[in-house]
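Chemist: Need a 3D model of the sequence below.
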Amino acid sequence: MKKCILLLVIIFCLLTINSWGSTSKKGIIAEVGPYKLYKSDLDEIVRNRTEITQILGTHPELLEYVYKTLIEEWINISMLALEAKKENLDKNSEIQKRIKEITKRILAEGYIKKHVTNIKINEEELKEYYEKNKNNYKIPQGVKIKHILIYVPKDANEKIEQQAFEKALKIRKKILEGTSFEEMVEKYSEDIVSKRKGGDFGIIRKGKNISKMAEEIFKLKTGEISKPLRSLYGYHIVKVVEKIPAKILAYNEIKEEVKKDYLKEKQNKLIKQILSDLKNKYHPKIYYKKENDH
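Modeler: This is a model prediction of the structure:
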């Protein structure tokens, strides 16, 4: 399944690529007629295509598959292009129109890239940007919790649901009466991963879209044991281990992210300015009207 998804991503990347972008053409790894494919071309696709890097980030073992698939698809596209030329499809008016649009887009992207890559940023600017946007680098309030899960199947009937709830109530009662939380985790929890760590679930953070269960957890005090809380998986008995206050990350902790955000902001401002200047230079005209306009 992972390979199928990746194959679709690779084909999309090849079909939509504007140029191979590499200036250093060393190491030909495939050739079809006048077309040549270089190792640097493949490396650039893998490095710069978000869809591919995301998949390889979690499944690095697919790298060899990526390269083989890219080469195969490049060869297929090259052969089809040569046959299309033999049949004079490159002279077809509709295809010529599309080529002109693609060429125009490549030139536009090249022009923008040329100008935005010259942007310089100094330390003083970065610190000033950080101070103005501190809240963007804030880690929300969190709680470190342990839990016991009583699993409830998705297709559970009312009787099974009630039995799971009553079991969770009994477990909570025993904890409140003095039985250690960890002992009850070991005996009853059906979350295999957290069970190995004494029920440690880690930290959950406050956010805009937290679940109703998380909302209830944030109401608990440190050391408090929750009532049975329902999730998609079943009933949870939660113990709050620690309340973690919200924190704004220090500049040195987040410097690279600040730099990335500030650079993006400057690039966007520059692009807007470029487009504004060009509108004043070329005076574009728009003739479009809605059908019901008079």
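
Chemist: Check the burial of Glu64 by counting its neighbours.
Modeler: 8 (other CB atoms under 10 Å). Backbone N, C-alpha and C define where each C-beta goes, glycine included.

Chemist: how far away is it from Lys269?
Modeler: Distance of Glu64 to Lys269, given as CB to CB, to the nearest Å: 42 Å.

Chemist: and what of Tyr137?
Modeler: Taking CB to CB, one finds Tyr137 at 21 Å from Lys269.

Chemist: Equivalent analysis for Ser40, please.
Modeler: Taken as CB to CB, the span from Ser40 to Lys269 is 32 Å.

Chemist: So which residues of this protein form helices?
Modeler: Using DSSP state H, the helices of the chain run over 2-16, 39-48, 50-58, 63-86, 93-116, 123-132, 158-176, 181-188, 192-195, 212-218, 251-282.

Chemist: ok so, going back, which of Tyr137 and Lys269 has more neighbours?
Modeler: Tyr137 (17 against 11).

Chemist: you'd agree the more buried one is up against Lys260?
Modeler: No: in terms of CB atoms under 8 Å, Tyr137 does not count as a neighbour of Lys260; the distance is 11.7 Å.

Chemist: Ile204 pairs with what?
Modeler: Val143 (DSSP bridges).

Chemist: Stretch 38-55: how far from the chain's middle?
Modeler: Centroid separation for stretch 38-55 versus its chain: 16 Å, with CA atoms, centre = their mean, to the nearest Å.

Chemist: Hmm, I typed the wrong one, I wanted stretch 201-215.
Modeler: Relative to its chain's centre, stretch 201-215 lies at 20 Å (CA atoms, centre = their mean).

Chemist: List the buried residues for it?
Modeler: Neighbour-count burial for stretch 201-215 flags 201, 204, 214 (criterion: 16 or more other CB atoms under 10 Å).

Chemist: Quick check: the second one touching Glu216?
Modeler: No: judged on CB under 8 Å, Ile204 makes no contact with Glu216 at a distance of 11.3 Å.

Chemist: and Ile237, how many residues sit next to it?
Modeler: Neighbours around Ile237, by other CB under 10 Å: 26.

Chemist: Look up how far Ile139 lies from the nearest residue to it once chain neighbours are set aside.
Modeler: Once flanking residues are discounted, Ile237 sits nearest to Ile148: 4.3 Å by CB to CB, 6 or more residues apart in numbering. When CB to CB is the yardstick, Ile148 and Ile139 sit 27 Å from each other.

Chemist: do Val240 as well
Modeler: From Val240 to Ile139 the distance is 18 Å (CB to CB).

Chemist: Those two: who's more crowded?
Modeler: Of the pair Val240 and Ile139, Val240 is the one with more neighbours under other CB under 10 Å, namely 19 against 15.

Chemist: Return the residue spatially closest to that one, with its sequence-adjacent residues excluded.
Modeler: Val240's closest residue in space is Leu220 (CB to CB, 6+ apart), at 4.6 Å.

Chemist: Quick one: neighbours of the one you found, just the number.
Modeler: 17.

Chemist: go on, Gln267?
Modeler: Per other CB under 10 Å, the neighbour tally for Gln267 reads 15.

Chemist: Could you do Lys264 as well?
Modeler: Lys264 - counted by other CB under 10 Å - has 11 other residues nearby.
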